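A.B. asks: What would the 3D arrangement of this be:
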Amino acid sequence: MERSLSAESAVPRQWGGGGPKGLGYAVARDPGGRTDIPPRVVERVAAQAVREVPEADPARSRVVRAWMSGDTVRLRLRIAVRYRRSVTGVADRVRSHVRKRVEWATGGRVHHVDIEIAELVR
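C.D. replies: So this is what the prediction gives:
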């Protein structure tokens, strides 16, 4: 007598079907392991965050440098500030916004954000 294997018996379930009355809510198994985020990815997230602050623009040359140690991030930004705006006020807003976005995207902690005002733009 030949025995055939169904897909359910050959491959262990990866997702649970729990939830109220078996409505198909998926519950992920804990995969364990480690997630590595290269500094270049952190730099792109930070550069996009600079663009999201209305009074600031990325500088023309390399905008962001990121250094990582474990889950701790240190950033160096080069930005352009729109003319007739408070440079220190814009820098504070950029620092705060970049910190929030990078911490949200990476799950790490931003320890330090250095900002260089590279230019004033109209």
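
A.B. asks: just checking, what's the longest helix in this structure?
C.D. replies: helix 87-106 (DSSP state H).

A.B. asks: Pull out the buried positions in that one.
C.D. replies: 90-91, 93-95, 97-99, 101-102, 105-106 (16 or more other Cβ atoms under 10 Å). C-beta: built from backbone N, CA, C; applies to glycine.

A.B. asks: list the helices and strands that helix packs on?
C.D. replies: helix 39-51, strand 56-58, strand 72-82, strand 109-121 (3 or more Cβ pairs under 8 Å, 6 or more residues apart in numbering; DSSP states H and E).

A.B. asks: So for residue 64, which of those sits nearest?
C.D. replies: helix 39-51 (4.3 Å; Cβ to Cβ).

A.B. asks: quick one: contacts for the spatially closest residue to residue 41 that is not a sequence neighbour?
C.D. replies: Distance criterion Cβ to Cβ, 6 or more residues apart in numbering; nearest residue to residue 41, sequence neighbours excluded, is residue 106 at 7.9 Å. Applying Cβ atoms under 8 Å, 6 or more residues apart in numbering, we find residue 106 in contact with 37, 41-42, 45, 71, 73.

A.B. asks: Against residue 120, how distant is the residue most central in space within the chain?
C.D. replies: Most central in the chain under Cα atoms, centre = their mean is residue 105, positioned 2.3 Å from the mean C-alpha point. Separation of residue 105 from residue 120 (Cβ to Cβ, to the nearest Å) stands at 29 Å.
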